[in-house]
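>>> Need coordinates for the below:
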Amino acid sequence: MTGSTYTRAEIEQQPDVWRATRRVVQAARAEVDRLLGAALDERTRIVLTGAGTSAYAGEVLAPELARALKRPVEAIATTDIVTDPQAVVAGDRPVLLVSFARSGNSPESVAAAGLIDQLAPAAHHLVITCDADGQLARAYAGAANAAVVTLPAETNDRGFAMTSSFTSMVLAAYLCLAGDADVDALAEAAATVLAGAGKIERTVTELRPGRIVYLGSGSLKGLAREAALKTLELTAGTTVALGESTLGFRHGPKAALTPDTLAVIFVSGDDYRRAYDLDLARELTGELGNERVVLVDDDKDDRERDNKGDNKDDREGTWHVPRAPGMPDALWALAAVITAQLTALTCSRAAGITPDNPFPGGEVNRVVRGVVIHPYGELGV
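Numbers count the residues shown, from 1 in each chain. The predicted model follows:
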């Protein structure tokens, strides 16, 4: 199997870099609070943005931040803002744009922020990035309408796919906007997942899935999309992967199922959403077989596993991810995604691909290339 210099190490460093991320946010607290005090009123539109994995960071966070802040929070990708900025700037409402960027050098990152400055009557920016020298960080460093939170240098993943950068940015944004979190419990949960990596790797190696379907509800839908992207990236597309919502899957995307599909369901900690997740798990088990349906779930022994009392704690197809009492799905997702990162890494190696550089010919790049940013308002707009 082909080795990995960076990717495996960057997956394994996550418990440590999360604690370092907490310290960074604590140090930036006064600056973040200054920004939020100026940016937020009852009319402010809060938009979480990024491209690719960074867009999915927003999708994981938006439902939970809406609950925490008691106001709508939207996840809109930079790629959508750049092509249709007027869909984001609605009337005379101010905008707080929360930008996620590993490097901040993707063309859309700076362009999307600039368009919001150009079109919104009042624009503020919370930039969360892993690279202090990136274009986005430099563009807003010291700006009166912005705060830049630069995460520890270790989070600027050198591997092709974002792993610790993704989880650290989600954590940082949660700490900035929602308040405190039990980072130590989260890091311990991740350490538990990493200690059990062998089970995940054995399952994936034995099944040799031609396709992987990731499913989840609420914040875990964004997690499912990020999980699928990791497989596509690290296998250079040789393993097809799909991320979808638990209920949305039946409405067409279920057509992707084949006999060699592995279905992975991220099971919510919320009893209401959880019921829908487990309904689909039973359905897919009947169609694919028990061995091809995996639940990513917490490991509380006293928790009922489905509405019929069928306890699945000991099923081979459960990948346990501990959950501290009261931990919301958006935070638990950071430990749960490690199961998908390990799955993607295993599939990559099985295919003889170098995970750190799955596209040696440059067909897909670590920092996107080839994007032309057209001046807005100069093309007949």
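>>> Could you use CA atoms for every contact and neighbour count after this?
Will do.
>>> what's the distance between the helix or strand where A330 lies and the middle of its chain?
Taking DSSP states H and E as the criterion, A330 maps to helix 329-350. Computed by Cα atoms, centre = their mean, to the nearest Å, the chain-centroid distance of helix 329-350 equals 10 Å.
>>> Please identify the buried residues of that helix?
329-349 (16 or more other Cα atoms under 10 Å).
>>> now swap in stretch 87-94 and tell me
For stretch 87-94, by 16+ other Cα under 10 Å, it's V88, V89, R93, P94.
>>> Check stretch 31-47 too.
Buried-residue list, stretch 31-47, by 16+ other Cα under 10 Å: V32, L35, L36, A39, T44, R45, I46, V47.
>>> what's the farthest-apart pair in these?
For the buried residues of stretch 31-47, the farthest-apart pair by Cα to Cα is V32 and R45; their separation is 17.2 Å.
>>> Can you tell me how far D277 is from T155?
32 Å (Cα to Cα, to the nearest Å).
>>> got a pLDDT number for the residue at minimal distance from the centre of the chain?
For the chain, A57 is the residue whose C-alpha lies nearest the centre (Cα atoms, centre = their mean; 3.9 Å). A57 is assigned a predicted lDDT (pLDDT) of 98.
>>> S4 now?
At S4, pLDDT is 62.
>>> So which residues of the protein form helices?
7-12, 14-27, 29-39, 53-69, 78-83, 107-119, 135-140, 164-177, 183-195, 197-207, 219-234, 271-288, 329-350 (DSSP state H).
>>> Show me what the fourth one is packed against.
Same thing as helix 53-69. Helices and strands touching helix 53-69, by 3 or more Cα pairs under 8 Å, 6 or more residues apart in numbering; DSSP states H and E, are strand 45-49, strand 73-75, strand 95-101, helix 164-177, helix 219-234, helix 329-350.
>>> for the second one, same thing?
Taking 3+ Cα pairs under 8 Å, 6+ apart as contact, the helices and strands that helix 14-27 lies on are strand 146-150, helix 164-177, helix 183-195.
>>> what's in contact with the last one?
Read it as helix 183-195. Outside helix 183-195, the residues that touch it by Cα atoms under 8 Å, 6 or more residues apart in numbering are 12, 14-16, 18-19, 22, 320-324, 331-332, 334-336, 338-339.
>>> mind listing what's buried in it?
Buried residues in helix 183-195 (16+ other Cα under 10 Å): V183, A185, L186, A187, E188, A189, A190, A191, V193, L194.
>>> where does this protein dip in pLDDT?
Applying pLDDT under 70 to the chain flags residues 1-4, 299-316, 365-368, 378-381.
>>> thinking again about what came up before, specify the stretch among the helices and strands packed on helix 53-69 that is closest to E287.
Nearest of the helices and strands packed on helix 53-69 to E287, taken as Cα to Cα: helix 219-234 at 20.4 Å.
>>> Of all the residues in that closest one, which ones are buried?
219-234.
>>> So the closest residue to I76 other than its chain neighbours versus A256, what's the distance?
Of all residues not flanking I76 in the chain, T49 sits nearest, at 5.3 Å (Cα to Cα, 6 or more residues apart in numbering). Using Cα to Cα, T49 is found at 28 Å from A256.
>>> now do A275
23 Å.
>>> Which one's more surrounded, these two?
The residue with more neighbours, out of A275 and A256, is A275; 17 against 14, by other Cα atoms under 10 Å.
>>> The more buried one and L229, how far apart?
A275 is 26 Å from L229, by Cα to Cα.
>>> tell me the contacts of R45?
Contacts of R45 (Cα under 8 Å, 6+ apart): P72, V73, R93, P94, V95, L96.
>>> That one pairs with what?
With DSSP bridges as the criterion, R45 is bridged to V95.
>>> Can you tell me how far it is from E31?
Distance from R45 to E31, by Cα to Cα: 20 Å.
>>> do A275 as well
According to Cα to Cα, A275 stands 41 Å off from E31.
>>> check contacts around V204.
T343, T346, C347.
>>> Over to E64?
Contacts of E64 (Cα under 8 Å, 6+ apart): S219, P328, D329, A330.
>>> now those in TSV, with distance to I265?
Rendered in TSV, the data for the contacts of E64 read as follows (distance: Cα to Cα, whole Å):
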residue	distance to I265
S219	13
P328	17
D329	13
A330	15
